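In: Kindly generate the corresponding structure for this input.
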Amino acid sequence: MIYRLSLSQRLTLVFTAIMLICAVAVSVVQIRSSKQYGDAMVQRLSLELASKIVKSESLIDASGQVNRQTLKGLFNHLMTLNPSVELYLVSPSGEILADAAPPGHIQRQKISVQPIQVFLNSDELPVYGNDPRSSQQKVFSAAPVLFNGELHGYLYIILQGEDLNMLANTAWQKTLWNTVAGTLILVLLAGAIAGYLVWRWVTNPVKRLTGQVVNLEQDSISVIKQLAQKKPDLAPANEIALLNNAFIELAQKIAHQWDLLADSDRQRREFIANISHDLRTPLTSLLGYLEMLSLKADTMTPEENRHYLSIALRQGHKVRHLSQQLFELARLEHGGIKPQRERFAIGELIQDVAQKFDLPVATRHLQLHLDVIGPLPLVNADLSMMERVVTNLLDNAIRHTPDGGEVWLKVWRDEDRLLAEVQDSGPGVEEAVREVLFQRPTALLPHEQRAERGGLGLLIVRRMLELHGGNINLINSTAGACFRFSLPLADSTLSS
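Out: Modelled structure (predicted):
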């Protein structure tokens, strides 16, 4: 049942229970303290009563015997003068030798003498002893009764007799009710003040936080963004403020991730639209030439057939190359390809890749300059991926360099990283294309800019480098385009 209650109801229930327990405890402690204080005052005021009576009255006759009838008359007389007391003469062992009680009122004929000895030998009050007329413990006054220097008994005086008890019970009932009523009023007043403070400082802030969480279920993203715009408390003073800060920080992270997902989805849709456009163009050309060859194959000369067939083959290769790049980029971005690391000499890889371009370099009368500043450490990376990176960058540089131009490839070490630059003497990269060079192609760009940005090759290069903890940037240069990439170096021996 209690688990279905709200936080406010639980706090109210627990607080009310604690207040009631405190009220009962305070009342009990107060009544007990008042009774002990009253008993101590009565006993202290009558401390010498028994000893004075022993000194002034003859409780033992000349023969050393106790005359019960004589003592009963004496006790009646003394009790008449002070109705609140009851007098008894007890033996050294505690047996009652004389009393003035009416018949049938004595419930015990022997009392414990230990409290009497404590009373005579200690100053700590109150001291309680047996009441012969009841089973209660009451304060008393006592004095030893001596005859010829020998102990014959004790004068034992109950200071709160039956008559006083009857009057006291009536007074105590009224006092008890007044005490309990007053205590409850004070506790309720204090509880109301404390409850208001708890509601203001604890329950109300928690309700506000609960309201924010409940609103998330109704219109999550708009509420999250509204919550993310709030500023967290720079100096939280309590747990509620810390919890509020945590909600704000969580909302900011969710809103940021939502924006990233929305932007990624937008780029994905634009990317698909752009790739569809780029695939449609060569496919349309390929199908057009194939249809022409199919319809006019008998009327065209062999030279025309070979010309149209070569164009169709080029368009087919373009479609295949683009689809391969698209498949490879998808696998790289979604974790389908993992680097297979091994140690190798980067200088040897540069030489091997450069040899693959000997034919186009010689055909177009280009100059390829290799500058490997050594000694270089062994690189711990995927050999095939690094070969692909260098090949793509050199291929782009050679394709964009006019006949008779120059291409530079420089590699060097910078502390714990390996740096490499590929620069050409071509027209360079336009300023409008620089900002989106390493982003997915978008259909919002003109077709000419999409063609100049290098297709998917640079995206593949960047992703391969990111898988190794590296990066690539376009560096400002006086002529042509200059790409610089870096790789982290592991501790290894230097290569020769």
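In: ok, how many other residues are close to Y154?
Out: By other C-beta atoms under 10 Å, 26 other residues sit near Y154. Yep, even glycine has a C-beta here, placed from its N, CA and C like the rest.
In: which residues touch it?
Out: Going by C-beta atoms under 8 Å, 6 or more residues apart in numbering, Y154 touches A50, L89, V90, P92, V113, I116, A142, A143, P144, V145.
In: Just the buried residues of the residues you listed.
Out: Neighbour-count burial (16 or more other C-beta atoms under 10 Å) is assigned, among these, to A50, L89, V90, V113, I116, A142, A143, P144, V145.
In: Can you classify F483 as helix, strand or coil?
Out: Here F483 is strand, with the state taken from DSSP: H, G, I helix; E, B strand; the rest coil.
In: And it, how far from V372?
Out: According to C-beta to C-beta, to the nearest Å, F483 and V372 sit 17 Å apart.
In: Give me the more crowded residue out of these two.
Out: Between F483 and V372, F483 has the larger neighbour count (other C-beta under 10 Å), namely 23 against 17.
In: Could you list the domains of the chain?
Out: 6-168, 240-333, 341-488 (automatic domain parsing).
In: Worst mean pLDDT among those?
Out: Per-stretch mean pLDDT for those is lowest at domain 240-333 (a mean of 76).
In: What is the neighbour count of the closest residue to N148 other than its chain neighbours?
Out: Take N148 and drop its neighbours on the chain: the residue closest to it by C-beta to C-beta, 6 or more residues apart in numbering is G64, 7.4 Å away. By other C-beta under 10 Å, 10 other residues sit near G64.
In: And for R463?
Out: As a burial measure, R463 scores 19 neighbours (other C-beta under 10 Å).
In: what kind of secondary structure is it in?
Out: Going by three-state DSSP: R463 is helix.
In: Next one: it from M385, what distance?
Out: 10 Å.
In: quick one on the thing from earlier: farthest pair in the contacts of Y154?
Out: Spatial extent of those (C-beta to C-beta) is set by the pair A50 and P92 at 15.3 Å.
In: Now, the contacts of Y154 that are in helices?
Out: Taking DSSP state H as the definition of helices, the contacts of Y154 contribute A50, I116.
In: From the contacts of Y154, which land in strands?
Out: Taking DSSP state E, the ones among the contacts of Y154 that sit in strands are L89, V90, A142, A143, P144, V145.
In: Any chance of CSV for the residues you listed, columns distance to G469?
Out: As requested, the ones in strands among the contacts of Y154 are exported to CSV (distance: C-beta to C-beta, whole Å):
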residue, distance to G469
L89, 106
V90, 101
A142, 97
A143, 101
P144, 102
V145, 106
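In: which one of those sits closest to V422?
Out: Nearest to V422 among these, with distances taken as C-beta to C-beta, is A142, at 116.0 Å.
In: Is Q351 in contact with L370, as I believe?
Out: Yes: contact status for Q351 versus L370: in contact at 7.3 Å, counting by C-beta atoms under 8 Å.
In: L409: neighbour count?
Out: 20.
In: May I see the buried residues of the helix or strand containing it?
Out: Element membership of L409, judged by DSSP states H and E, is strand 406-414. Applying a neighbour-count criterion of 16+ other C-beta under 10 Å, one finds E406, V407, W408, L409, K410, V411, R413 buried in strand 406-414.
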